[in-house]
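Asks: Need a 3D model of the following:
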Amino acid sequence: MNLRAISKNIGLALLVDAGFMFLSVIVAMLYHFDSSFTPLLIGATLTLLVGVLPIIFVGKGQNRITTREGFFILFFAWLLSCVFGLLPYALWGGPFSLENAWFESVSGFTATGATILSDIESLPHGLLFWRSSTHFIGGLGVVVFMMMILPSTGTVKLKMRRIEVSDMSAGDYNFRSNKIVRVVLTVYISMMVVCALLFMAAGLSVFDAVTHAFSVVATGGFSPKNASIGTYGSHWVELIAMVFMLASSLHYGLLYSSITGCNLNVLRNPISRFFFSTIGIGIVLMTASLLLTRTITNPFEAVWQSAFNVVSIGTSTGLATVDTSIWPAFCILLLLYFSIQCGCSGSTTGGLKADRIWVLTRAVRAQVVRTIHPNAVIRVKSGSNVIDSEQVNSIAMYALLYVAILFIGAVIYAACGMTLVDAFTGSCAMVGNVGPAFGSIGSMSNYGAVPILAKVIMGLEMIIGRLGLYAAFAMFALKKA
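Replies: Here you go, the predicted model:
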């Protein structure tokens, strides 16, 4: 193992974290040196020192790394970011015991958005800004930031990039592997700025606009308000959030090519059309259920609440306007499906991804046709691209592993004393990086009462879900590459 290269590259990731911690220190200063100033300053200083030490003292060494070493960098960059990210919470104290600080930190960096807090607004502004900043960092991943200056070249860099930025729903465009990182960051930051400006135009303060933009574009879910985005009671604010949640759920390269090429690649792409179709069908079905059960009697309100919550869960964001845990069972099952599917690959969303669901449905259809017509040659295609059987099998195995981890997580949480609903939906929310579940950990509740061991395991499940299952386990499977 090339420990020099590994430690230096993990150090670079920690420097990104330290930079945003120092930015949060400045926010604490602007708000009259609030109570988060000292914890943030200590946390930022420690993170900076640990991040810079290997860069200064390890030496140059050999910069080229193997595939296994690349996966080590990926996994431990995330893990250590979460560990050092909990320092400001733990040092500030209050509700942040060590396990609660761990949970909140992991939830932020993985853009999950689940929280242990019952009174979010009691936190000082500096800590709230750091909490939202972890979404900004984690939305596209510490590794994407690190890739801009990663010294390694060749296949390892390409493999690490593809873990964060998949090409499945890319569409008909081509970028060099180095350019794709700049493309993704350009789209990400541009959407963040435009979203914040629109929130301000809709009446939010600068602080609320920026922190909510971090949450929406990263499809995270953290809000500085107890009632989430429902605090404002504004359809304009919710509409802006919905538009950017949907945009952030599409492949960023596809968005870039559509905007710069002034074309409709997004609407022509079969994966995007499938994603939008499922969202639309979900809204129609949920609206009908809410009206027929008289859960909501106003037709416009039923459509609006259905649209917002389907989009919020279906993009793995998890912002809330109402308590969906008290909705009819049919609505809850629909939302559970969307918490598993989520958005497209190459976006900031979690979940199994619409791409894989689309490929699996096409593969099942092809298999049924082969059963009826054994001699027929049926191929699974994405646009003009044929998806070979090896890739279909890989996607099927991924889906199987996803369900297995979801089930294992649910069993562990049930063993820890959680109810069946809490355990199963909580595991769905964790591995899918969705945030809110149902039952006592629903959209208007929190994870504060979850057993300590369950919180620790939930943190690991969030990291596994965010990295992608193959990437999370690859370093243990690979010997040398």
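Asks: which SS state does Y188 fall under?
Replies: In three-state terms, and counting by DSSP: H, G, I helix; E, B strand; the rest coil, Y188 is helix.
Asks: and what of the one 3 residues further on?
Replies: Three-state call for M191 (three-state DSSP): helix.
Asks: Local confidence estimate at the closest residue to it other than its chain neighbours?
Replies: What sits nearest to M191 in space, not counting adjacent residues and going by CB to CB, 6 or more residues apart in numbering, is V217, at 4.9 Å. All C-beta spots, glycine's among them, are computed from the backbone N, C-alpha and C. Looking at V217, its pLDDT reads 94.
Asks: ok, now how distant is V217 from L140?
Replies: When CB to CB, to the nearest Å is applied, the distance between V217 and L140 equals 10 Å.
Asks: Find the nearest non-adjacent residue to the most centrally placed residue in the chain, please.
Replies: What sits nearest the mean C-alpha location of the chain, by CA atoms, centre = their mean, is A111, with 3.9 Å. Once flanking residues are discounted, A111 sits nearest to G220: 4.0 Å by CB to CB, 6+ apart.
Asks: unless I'm mixing things up, that neighbour is touching T317, no?
Replies: Yes. Counting by CB atoms under 8 Å, G220 touches T317, with 6.7 Å between them.
Asks: Over to H32: give its phi and psi.
Replies: Recorded main-chain torsions at H32 are phi 60, psi 40, according to degrees, to the nearest 10.
Asks: ok, now G417?
Replies: Taking degrees, to the nearest 10 as the convention, G417 sits at phi 110, psi 0.
Asks: What is the burial count for it?
Replies: By the measure other CB atoms under 10 Å, the count of residues near G417 is 12.
Asks: And for the one 3 residues further on?
Replies: For L420, the tally of surrounding residues (other CB under 10 Å) stands at 11.
Asks: Now do the contacts for it.
Replies: Counting by CB atoms under 8 Å, 6 or more residues apart in numbering, L420 touches A414.
Asks: Roughly how far does S248 sit from L80?
Replies: In this structure, S248 lies at 26 Å from L80, with CB to CB as the measure.
Asks: Of the two, which one has the most company?
Replies: S248 (27 against 19).
Asks: Surely the more buried one touches A213?
Replies: No. Counting by CB under 8 Å, A213 is not a contact partner of S248; they are 10.6 Å apart.
Asks: Helix, strand, or coil at I259?
Replies: Taken by three-state DSSP, the conformation at I259 corresponds to helix.
Asks: Please name the nearest non-neighbouring residue to it.
Replies: In space, I259 comes closest to V187 once its chain neighbours are excluded; the distance is 7.9 Å by CB to CB, 6+ apart.
Asks: Can you verify my assumption that the one you found contacts H251?
Replies: No. Assessed by CB under 8 Å, V187 is found out of contact with H251, at 9.9 Å.
Asks: Show me the strands in the stretch 251-400 of the chain, by range?
Replies: Assigned by DSSP state E, counting those that start in this stretch, the stretch 251-400 of the chain shows strands spanning 380-382, 385-387.
Asks: Does anything pack onto the last one? Which helices or strands?
Replies: When contacts are defined as 3 or more CB pairs under 8 Å, 6 or more residues apart in numbering; DSSP states H and E, strand 385-387 sits against strand 380-382.
Asks: neighbour-wise, which of V187 and H251 wins?
Replies: A direct count of neighbours by other CB under 10 Å for V187 and H251 places H251 higher, at 31 against 24.
Asks: and the closest residue in space to the more buried one that isn't next to it in sequence, what pLDDT?
Replies: Nearest residue to H251, sequence neighbours excluded (CB to CB, 6+ apart): G346, at 3.5 Å. The pLDDT attached to G346 in the predicted structure is 81.
Asks: Surely G346 touches L254?
Replies: Yes. A contact is recorded between G346 and L254 when judged using CB under 8 Å, the distance being 7.2 Å.
Asks: quick one: low-confidence ranges for the chain?
Replies: Counting by pLDDT under 70, the chain contains low-confidence ranges at 1, 59-64, 67, 142-179, 261-264, 377, 382-384, 470-472, 474-481.
Asks: What is the helix or strand harbouring F136 packed up against?
Replies: Under the assignment given by DSSP states H and E, the secondary-structure element containing F136 is helix 125-140. Here helix 125-140 is seen to pack against helix 3-30, helix 37-57, helix 67-85, helix 87-92, helix 98-109, helix 177-201, helix 206-217 when contacts are counted using 3+ CB pairs under 8 Å, 6+ apart.
Asks: Please convert the ones you listed to JSON lines, extending it with distance to A449.
Replies: Shown next, in JSON lines, are those (distance: least, CB to CB, whole Å):
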{"stretch": "helix 3-30", "distance to A449": "28"}
{"stretch": "helix 37-57", "distance to A449": "25"}
{"stretch": "helix 67-85", "distance to A449": "22"}
{"stretch": "helix 87-92", "distance to A449": "18"}
{"stretch": "helix 98-109", "distance to A449": "11"}
{"stretch": "helix 177-201", "distance to A449": "32"}
{"stretch": "helix 206-217", "distance to A449": "23"}
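Asks: for the ones you listed, which one sits closest to G432?
Replies: Closest to G432 of the helices and strands packed on helix 125-140 is helix 98-109 (CB to CB; 12.7 Å).
Asks: can you pull the buried residues of the closest one?
Replies: Taking 16 or more other CB atoms under 10 Å as the neighbour-count basis, helix 98-109 is seen to contain the buried residues E99, N100, A101, W102, F103, E104, S105, V106, S107, G108, F109.
Asks: if we can go back for a sec, ok, which of the strands of the stretch 251-400 of the chain comes nearest N446?
Replies: strand 380-382 (39.7 Å).
Asks: need the contact list for the residue nearest to G343 when sequence neighbours are not counted.
Replies: For G343, the nearest residue in space outside its immediate sequence neighbours is S249; the separation is 2.9 Å by CB to CB, 6+ apart. Contacts for S249 (CB under 8 Å, 6+ apart) come out as T219, F275, G314, T315, S316, C342, G343, C344, S347, T348, T349.
Asks: From those, list just the buried residues.
Replies: T219, F275, G314, T315, S316, C342, G343, C344, S347, T348, T349.
Asks: With T321 as the reference, measure out to the fourth one.
Replies: Read that as T315. Distance from T315 to T321, by CB to CB: 14 Å.
Asks: same deal with the last one?
Replies: According to CB to CB, T349 stands 19 Å off from T321.
Asks: Please apply the same query to the second one.
Replies: According to CB to CB, F275 and T321 sit 22 Å apart.
Asks: just to revisit the earlier point, for the residue nearest to G343, grab phi and psi.
Replies: Its backbone dihedrals place S249 at phi -90, psi 0, with angles given as degrees, to the nearest 10.
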